[in-house]
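Novice: Provided below for reference: sequence and predicted model.
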Amino acid sequence: MIQGNSNLVDEQEPSSSRADYIFIKTTGQGNPQNDTIRRSHVMRTSFRHRTTTQTPAIGIQSQPLASISAGKRSFRLSRQQLQQHQPYDKVQSESITSGSGEVPRNATQIEPGEQGQSRTSSISADTLSLDVTQGLLRLSTSPLLIFGISRIDPLGVLPVKLSPWDEVLIDRFCHYKKWPWCPINGQSLWSPFALSDELVFSATMYCWSTGFGSRLAGSEASSWIQNNPGIIQHKLSAISLINKRIADSAQAVRDETIAAVAAITNLELLFGTREAAAKHMQGLRTLIRMRGGFSTFVTGLQLLIQRLVSWTDTIHSGLFGTELTFPPCEIWDVSWSTLEQVSLPGSLIGLSPSNLQASGISHHEVVDILNVTRVLCHEEEKRPLRTLDEHGRMQRADMFLKIENRLMAVLQAMASTSAESWSATSLVWKTIALATLVFVHHCLRHSPLRLPHYRVLVPQLHQALLGMQESFQELAFARSLLFWTLSVGVMTSAGMDCNVWFIEKLAETCTTYSMSWQALRSLLMDCLWTGPADEERYLAVWRAVERVQAA
């Protein structure tokens, strides 16, 4: 029993007789609230030990799910409350077992980053058995394990009949924070929306689990889908329901239909085929036009759908080189208005009005976009994206999308202009716009480099630089931008054919100007700089340059 208010001495292991109570040794003065916390902590840990050994694994599509040992330190006692010892999105391979044995220690997929977020280490999904792969979805904190075989919907009130596999997906969806931020996540209004309609549920589970699996495996989503056929069942169900609903003009323009089509279109752009993506995008345009455009999206949930549509439109425009379909969103300006107004000293080196005039270069919209991006970099250094709550991350994503949308519009305007009408500096502004767009995608939004739009934008940046003189004299008026552009190219071209070219050109330019790491770092800080994260990125770039120089 509990007597007093002092630190917990130890946790009693359950005896062989499986008693339904545990004596807890404490000393000091009593506090009923703290007593309740301690009792909950010890009894829950004890009960988890028992269910681990007593409860058989749940079958998922005739494959056994991994059972997970809770361990003594699943929870820790904090002041006035219990806290989880590990964040929800950490998978510890030491505690994951399957019917075929224990997962190797080096099979950890998701590691904790700042503020409980995750970063992914690479592993081939093909090397893991199906039951182990599915077991990686089951974390030791899963409420599905507390009572063994449990049901999220025991009374059958949801519009869909849940399989054990669906229950696992819902549990992960609700507890895993999507990174980078996406409207389809379990911490926003999308979560109850997904459980309110069969079509939205199928589309959400397909899209979210495919993205989650790709990040978990550190590879393309195809291997994850192949090993988890239940994901494809959700895709087939969603497409079948979409076809039924678009046959009815009233059902076709409902939130549920547009959200499902937007989600599947977004996934096809990121992980599917160009043909399927183009077909779905055309359907999405048609549905929103039938509905009456973006002005009909007014509620909080509808604005989430609008964000998904706008981001999908931006990705499609970058991949296919087409014009943006949808106009800028008012919610972007609303999010920008929440940003603290700061006055950064000076301006980007070489881009002040006086410097441009002295170099005989006309002002361009890209300069304005760079200055706005610089403010956002300052905000990222002060309050990193990983430290923000769900609402803060959503607002920051709005700011990113406004910049990305403006840059795409500039690039499209240049692409529609004949080469004969280009000014002497048009190629310079195109190069800087491409470098800024890639930088925002990767360094501010934190989109992983395996996504397909990098395979389009980075080669375009390479071709733009090839169109300049050998020594890049066109960028002599802003030398810091030259080094920054080449560094961004090195950073984002990993695994591409142009990666070696970017490294060699940056090495040659550094040699020409007798550039040391400290000098290069100083120039880069005068451009777009997000703080320690960029320091780490550019230091890796510099080491690649040093290897070339030493060869």
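Specialist: Ah, there it is. Residues are numbered from 1 along each chain as shown.
Novice: can you pull out the strands in the stretch 101-250 of the chain?
Specialist: For the stretch 101-250 of the chain, applying DSSP state E, counting those that start in this stretch gives strands covering 101-102, 110-112, 118-120.
Novice: Hmm, I typed the wrong one, I wanted the chain.
Specialist: Here the chain has its strands, by DSSP state E, at 59-60, 63-64, 75-78, 81-84, 97-98, 101-102, 110-112, 118-120.
Novice: What mean pLDDT does the fifth one get?
Specialist: Throughout strand 97-98, pLDDT has a mean value of 34.
Novice: now swap in the second one and tell me
Specialist: Strand 63-64 shows a mean pLDDT of 34 in the predicted model.
Novice: mind giving me the domain ranges of the protein?
Specialist: 1-54, 334-550 (automatic domain parsing).
Novice: just the ones you listed: most buried one?
Specialist: Compared across the domains of the chain, domain 334-550 shows the largest average neighbour count, a mean of 17 (mean count of other Cβ atoms under 10 Å). (Glycine included, C-beta is placed from N, CA and C.)
Novice: First residue to last residue on it, what's the distance there?
Specialist: Start-to-end span of domain 334-550 (Cα to Cα, to the nearest Å) is 51 Å.
Novice: Near residue 233, how many other residues are there?
Specialist: By other Cβ atoms under 10 Å, 17 other residues sit near residue 233.
Novice: Return the distance of residue 251 relative to residue 284.
Specialist: Counting by Cβ to Cβ, to the nearest Å, the gap from residue 251 to residue 284 is 15 Å.
Novice: Tell me the spacing between the nearest residue to residue 294 once chain neighbours are set aside and residue 258.
Specialist: In this structure, residue 294 finds its nearest non-sequential neighbour in residue 306, 5.9 Å apart by Cβ to Cβ, 6 or more residues apart in numbering. Look at residue 306 and residue 258: by Cβ to Cβ, they are 9 Å apart.
Novice: before we move on, the earlier item: in terms of mean pLDDT, which of the domains of the chain ranks lowest?
Specialist: The stretch with the lowest mean pLDDT among the domains of the chain is domain 1-54, at a mean of 49.
Novice: what about the closest residue to residue 197 other than its chain neighbours, how many residues close to it?
Specialist: Spatial nearest neighbour of residue 197, excluding adjacent residues (Cβ to Cβ, 6+ apart): residue 256 at 4.6 Å. Number of residues near residue 256 (other Cβ under 10 Å) recorded here: 21.
Novice: Return the residues in contact with residue 256.
Specialist: Contact analysis of residue 256 by Cβ atoms under 8 Å, 6 or more residues apart in numbering lists 197, 199, 200, 245.
Novice: Could you provide the residues you listed in a markdown table, with additional columns for neighbour count, distance to residue 447 and pLDDT?
Specialist: Output for the contacts of residue 256, formatted as a markdown table (neighbours: other Cβ atoms under 10 Å; distance: Cβ to Cβ, whole Å; pLDDT from 0 to 100):
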| residue | neighbour count | distance to residue 447 | pLDDT |
| --- | --- | --- | --- |
| 197 | 21 | 29 | 95 |
| 199 | 25 | 27 | 96 |
| 200 | 24 | 24 | 96 |
| 245 | 20 | 31 | 96 |
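Novice: what's the most distant pair in those residues?
Specialist: By the measure Cβ to Cβ, 200 and 245 form the most distant pair in the contacts of residue 256, at 11.0 Å.
Novice: quick one on the thing from earlier: right, and the residue nearest to residue 294 touches residue 331 too?
Specialist: Yes: using Cβ atoms under 8 Å, residue 306 makes contact with residue 331 at a distance of 7.0 Å.
Novice: now residue 338: how far from residue 548?
Specialist: Applying Cβ to Cβ to residue 338 and residue 548 gives a distance of 44 Å.
Novice: Need the nearest residue in space to residue 359, chain neighbours excluded.
Specialist: Closest to residue 359 by Cβ to Cβ, 6+ apart is residue 477, at 3.9 Å.
Novice: Quick check: that neighbour touching residue 352?
Specialist: No: counting by Cβ under 8 Å, residue 477 does not reach residue 352; the two are 10.9 Å apart.
Novice: hey, what's in contact with both of these two?
Specialist: Residues touching both residue 477 and residue 352 (Cβ under 8 Å, 6+ apart): there are none.
Novice: Could I get the full set of helices for the stretch 451-551 of the chain?
Specialist: Under the criterion DSSP state H, counting those that start in this stretch, helices of the stretch 451-551 of the chain are mapped to 452-466, 479-492, 499-512, 517-525, 532-550.
Novice: Ignore what I typed, I meant the stretch 201-350 of the chain.
Specialist: In the stretch 201-350 of the chain, the segments counted as helices under DSSP H, counting those that start in this stretch are 221-227, 229-246, 249-252, 255-271, 274-291, 300-320, 330-337.
Novice: who wins for proximity to residue 413 among those helices?
Specialist: Nearest of these to residue 413, taken as Cβ to Cβ: helix 300-320 at 12.3 Å.
Novice: Now do the closest one against helix 255-271, angle only.
Specialist: Counting by axes from the mean of the first three to the mean of the last three Cα atoms, to 10 degrees, helix 300-320 points 30 degrees away from the direction of helix 255-271.
Novice: Buried residues, helix 300-320. List them.
Specialist: Neighbour-count burial for helix 300-320, with 16 or more other Cβ atoms under 10 Å as criterion, is recorded at 301-319.
Novice: do stretch 273-286 as well
Specialist: If you call a residue buried by 16+ other Cβ under 10 Å, then stretch 273-286 has these buried ones: 277, 278, 280, 281, 283, 284, 285.
Novice: Now residue 523: closest residue in space, sequence neighbours ignored.
Specialist: Spatially, and ignoring its direct neighbours in sequence, residue 523 is nearest to residue 480 (4.2 Å; Cβ to Cβ, 6+ apart).
Novice: Likewise for residue 316?
Specialist: Nearest residue to residue 316, sequence neighbours excluded (Cβ to Cβ, 6+ apart): residue 281, at 5.2 Å.
Novice: distance of the one you found from residue 369?
Specialist: The spacing between residue 281 and residue 369, counted by Cβ to Cβ, is 25 Å.
Novice: can you check residue 206 too?
Specialist: As defined by Cβ to Cβ, residue 206 lies at a distance of 35 Å from residue 369.
Novice: next one: residue 542
Specialist: Counting by Cβ to Cβ, the gap from residue 542 to residue 369 is 27 Å.
Novice: do the same with residue 396
Specialist: For residue 396 relative to residue 369 (Cβ to Cβ), the value is 17 Å.
Novice: give me phi/psi at the residue lying closest to residue 393 once chain neighbours are set aside?
Specialist: Leaving aside its sequence neighbours, residue 393 sits nearest to residue 181 (Cβ to Cβ, 6+ apart; 4.3 Å). Reported as degrees, to the nearest 10, the phi and psi values for residue 181 are phi -60, psi 140.
Novice: what's the neighbour count on residue 172?
Specialist: Counted with other Cβ under 10 Å, residues neighbouring residue 172 total 22.
Novice: Quick check: it touching residue 213?
Specialist: No: judged on Cβ under 8 Å, residue 172 makes no contact with residue 213 at a distance of 10.2 Å.
Novice: dump the residue contacts of residue 191.
Specialist: 173, 174, 185.
Novice: Now do the contacts for the first one.
Specialist: The reference is to residue 173. Contacts of residue 173 (Cβ under 8 Å, 6+ apart): 185, 186, 191, 194, 204, 205, 208, 209.
Novice: now the residues you listed in CSV, with pLDDT and distance to residue 239?
Specialist: Formatted as CSV, the contacts of residue 173 follow (pLDDT from 0 to 100; distance: Cβ to Cβ, whole Å):
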residue, pLDDT, distance to residue 239
185, 91, 22
186, 91, 23
191, 92, 23
194, 94, 17
204, 95, 14
205, 93, 13
208, 89, 16
209, 86, 16
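Novice: Pick out the most distant pair among these.
Specialist: 191 and 209 (14.4 Å).
Novice: before we move on, back to that, against residue 451, how distant is the residue nearest to residue 359?
Specialist: 33 Å.
Novice: And residue 465, by the same measure?
Specialist: 22 Å.
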